[in-house]
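**Student:** Need a 3D model of the following:
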Amino acid sequence: MLNKSGKEKILIVLLIGVLLLVIAIPVKSDKTGGYVSGSDTYKTSDEEISDYDVYMEQRIEKILSQVDGVGKVNVMVTLENTDDTAIGGVVIVAQGGDNGSVVSNITSALEALLGIPVHKIKVLKMS
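**Tutor:** Have a look, this model is predicted:
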């Protein structure tokens, strides 16, 4: 049958398998009520996705409002689907949205920041 080293190898493989299963099992998070597994992501519930949207919108508004010429700004972020936080598109409504230079700065900043193509970013003038 199996010699001692063969049994030890099987035991090690089984222990590694159990360890991987334990790591992969979602764990209930106390602070958001959602599930996380290994990293702090927003991938399991619609409430968390909504929180992710709001979080990203606030962060983008905060940084863009500091850019010269942008003025007051409102941001809407959409996601590609509810199971993923890849951003699908961004609409920016800014006081300086009628200035070509400001629009270009906003667009290139979001392209660099979020890694999304320019055609998924729309900048409009605030009324």
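
**Student:** need the next SSE after the worst-scoring helix or strand of the chain on mean pLDDT, C-terminal direction.
**Tutor:** One helix or strand of the chain scores below all others by mean pLDDT, DSSP states H and E: strand 35-36, with a mean of 42. Toward the C-terminal end, the helix or strand that comes next after strand 35-36 (DSSP states H and E) is helix 46-64.

**Student:** How far does the longest helix anywhere in the chain sit from its chain's centre?
**Tutor:** Secondary structure of the chain per DSSP state H: the longest helix is helix 4-24. Put simply, helix 4-24 sits 34 Å off its chain's centre (Cα atoms, centre = their mean, to the nearest Å).

**Student:** So for it, mean pLDDT?
**Tutor:** Mean per-residue pLDDT for helix 4-24: 76.

**Student:** now stretch 88-101
**Tutor:** Stretch 88-101 carries an average pLDDT of 93.

**Student:** quick thing: my sequence starts at 111, can you match it?
**Tutor:** Done: numbering now begins at 111, and the last item shifts to stretch 198-211.

**Student:** end-to-end on that stretch?
**Tutor:** Terminal residues of stretch 198-211 lie 24 Å apart, using Cα to Cα, to the nearest Å.

**Student:** So for that stretch, what gets flagged as buried?
**Tutor:** 199-200, 202-207, 209 (16 or more other Cβ atoms under 10 Å). Glycine gets a C-beta too; all of them are placed from N, C-alpha and C.

**Student:** List the contacts of stretch 180-189.
**Tutor:** The contact list for stretch 180-189 (Cβ atoms under 8 Å, 6 or more residues apart in numbering) reads 159, 162-163, 166-167, 170-171, 174-175, 195-206, 212, 215-216, 236.

**Student:** how about that stretch: buried residues?
**Tutor:** Result for stretch 180-189 [16+ other Cβ under 10 Å]: buried residues 180-181, 183-185, 187, 189.

**Student:** Just checking: the least confident one among these is which?
**Tutor:** Among the buried residues of stretch 180-189, Leu189 carries the weakest pLDDT, at 85.

**Student:** how far away is the spatially closest residue to Gly206 that is not a sequence neighbour from Gly181?
**Tutor:** Using Cβ to Cβ, 6 or more residues apart in numbering and skipping the chain neighbours, the partner closest in space to Gly206 is Val212 (4.0 Å). From Val212 across to Gly181, the span is 9 Å (Cβ to Cβ, to the nearest Å).
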